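Enquirer: Sequence unavailable; structure follows:
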């Protein structure tokens, strides 16, 4: 069995990563979203173990100490990280695993998993990103300003990703993302067994 794809998704807060991934999972049974661990507080409607594994700082730091995370970062005052066991077991089963993580975490993943596919989600404009952040009504003005400043820093990393997906509408962005997944699955470097079968006719 061929191992699954490891697909990393990044983008600034408010760009719609979560909404796109939700729609992608509705459209395709071939992708699994890895559940990250975080120390930030749950937003209304978020469920522990579904949206995130919500941890205290002490719990998260224990996970770091036990080397239980593929990667972790501290972002806007909170820890975020990717549990190792879940990702590796799903890839071995041939499942395509999506990691929704920060830009620094993405580059760490590329070092550990050179075949990982890195996708950066962009808003149509910077002004639209600010509008979406405000419409969420989940953060105060100080946090919004910090997230917008952080977004400008994250944009500097775009050229280190394999693909960009423009989130003008959730539906279009989700379809574009699935096209990337399908194209990556058909790369010659991922299909040597099939190629060799034709060489030996």
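Expert: On my side now, so go ahead. As the structure is a computational prediction, the values presented were derived from the model and not from experiment.

Enquirer: Please identify the helix or strand for the nearest residue to residue 147 once chain neighbours are set aside.
Expert: Spatial nearest neighbour of residue 147, chain neighbours left out: residue 13 (4.4 Å); criterion: C-beta to C-beta, 6 or more residues apart in numbering. To be clear about C-beta, it is placed using only N, CA and C from the backbone, and glycine gets the same treatment. Per DSSP states H and E: residue 13 is located in neither a helix nor a strand.

Enquirer: pLDDT score for the most centrally placed residue in the chain?
Expert: Closest to where the C-alpha atoms of the chain average out (C-alpha atoms, centre = their mean) is residue 100, at 1.8 Å. Looking at residue 100, its pLDDT reads 88.

Enquirer: ok, it - contacts?
Expert: Neighbouring residues of residue 100 by C-beta atoms under 8 Å, 6 or more residues apart in numbering: 9-10, 17-18, 21, 33-34, 36.

Enquirer: which is the next helix or strand following the helix or strand hosting residue 135?
Expert: Counting by DSSP H and E, the element that carries residue 135 is helix 126-136. Downstream of helix 126-136, the next assigned helix or strand under DSSP H and E is helix 141-155.

Enquirer: List of residues touching the following helix or strand past that next one?
Expert: Moving toward the C-terminus from helix 141-155, the next helix or strand (DSSP H and E) is strand 163-166. If you take C-beta under 8 Å, 6+ apart as the criterion, strand 163-166 is touched by 20, 117-124, 158, 173, 176-177, 180.

Enquirer: Strand partners (parallel or antiparallel) of strand 163-166?
Expert: strand 117-122 (parallel) (DSSP bridges).

Enquirer: Next, the angle helix 141-155 makes with the strand it pairs with.
Expert: If you take axes from the mean of the first three to the mean of the last three C-alpha atoms, to 10 degrees, strand 117-122 sits at 130 degrees to helix 141-155.
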